[in-house]
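1. sequence isn't available, so here's the structure alone:
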């Protein structure tokens, strides 16, 4: 891997047809990990950071694949910079960001597609804890696109012995699965932080899935996607691991810390915090019931305590288990 922060390399003479040139934007834990994965498959990878010496123009001008792994708050600014520079129409844009835009409520792939309507967009999402992948532990993910050829090209680039890559044609569902589970991960952290037990957590995650499906299908996603790696798979991984920053937020709130204290000491961004705010806005507009996410919202806003949030969920109206798969 070539670190674009320190050097630039001309790959023209050493790039066989079977290899691709990729630029990964965002040198945080996730971007660095994905760059390492692509390198294991013997592709040429440039890792770019806004704090580095290399210009963005120099590292994207001949990239065949442009992968964005910046935080949600940085997506729009990166899109504007890439749009100003220009990108060959043959380049495939891959987004690995999980979040919702606070102004438009759009997903990252929707923002990229709006800015680059003639480009093929691929969404990368799955149960992928960066620290485990860095340790070369086995993992699986999904590359989703409405263009199968683009999905297969990116699949080939990132697949290696310890990273299995699947494809599907539901980018919005794949993206929302990875985004919405961050909100539920905060709730799961609260559950563990309060020592509510395995039964309570199993109930929480089981009830969270229909909530995610309701949001997803309202926005055009396929129900089946939420039972796959980017939905149920990511939900299980993130809600059961202290490695998850969103889980840490919930756990530490249940331990009595303030949200400000937690955010100040986190290594990286807990996207679930912003996603919760945007999700509530979106759900109100679309009239989508989101009881679990609504309690997470109240907790983050300081309108309830972890104990009160649990009590509110337990006191909800009795009903048949599957009555609210699509409505609540």
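-> Done, it's in. Nothing here was measured: the structure is a model prediction, and the numbers come from that model.
2. in a strand, residue 121, correct?
-> Yes. Under DSSP: H, G, I helix; E, B strand; the rest coil, residue 121 sits within a strand.
3. that one: neighbour count?
-> 22 (other CB atoms under 10 Å). All C-beta atoms are positioned from the backbone trio N, CA, C, and that covers glycine.
4. for it, give me its contacts.
-> 92, 93, 94, 95, 109, 112, 113, 145, 146, 147, 150, 171 (CB atoms under 8 Å, 6 or more residues apart in numbering).
5. redo that, cut-off 7 Å
-> 93, 95, 109, 112, 113, 145, 171 (CB atoms under 7 Å, 6 or more residues apart in numbering).
6. quickly list what it is bridged to.
-> residue 93 (DSSP bridges).
7. does residue 300 touch residue 273 like I think?
-> Yes. Look at residue 300 against residue 273 with CB atoms under 7 Å: they come within range, at 6.2 Å.
8. quick revisit: keep only those of the contacts of residue 121 that are in helices.
-> 109, 112, 113, 171 (DSSP state H).
9. quick one: the third one from residue 23, how far?
-> Looking back up the chat, that one is residue 113. 19 Å (CB to CB, to the nearest Å).
10. ok, the two, which is more surrounded?
-> Using other CB under 10 Å, the more surrounded residue of residue 113 and residue 23 is residue 23, with 27 against 19.
11. ok, now which ones touch the more buried one?
-> Counted by CB under 7 Å, 6+ apart, residue 23 has contacts 46, 48, 59, 60, 63, 66.
12. go again with 10 Å.
-> Contacts of residue 23 were listed using CB atoms under 10 Å, 6 or more residues apart in numbering, and they are 2, 4, 35, 44-48, 54, 56, 58-68, 82, 91.
13. helix or strand for it, which one?
-> If you go by DSSP states H and E, residue 23 is part of strand 21-25.
14. tell me the strands beside that strand, with direction?
-> Counting by DSSP bridges, strand 21-25 is paired with strand 44-48 (parallel), strand 65-68 (parallel).
15. toward the C-terminus, what is the element adjacent to it?
-> helix 29-40.
16. list the helices and strands that following helix packs on?
-> Helices and strands touching helix 29-40, by 3 or more CB pairs under 10 Å, 6 or more residues apart in numbering; DSSP states H and E, are strand 2-3, strand 21-25, strand 44-48, strand 65-68, helix 130-134, strand 139-144, helix 148-158, strand 163-168.
17. closest to residue 286 out of those?
-> Nearest to residue 286 among the helices and strands packed on helix 29-40 is strand 139-144 (22.1 Å), distances taken as CB to CB.
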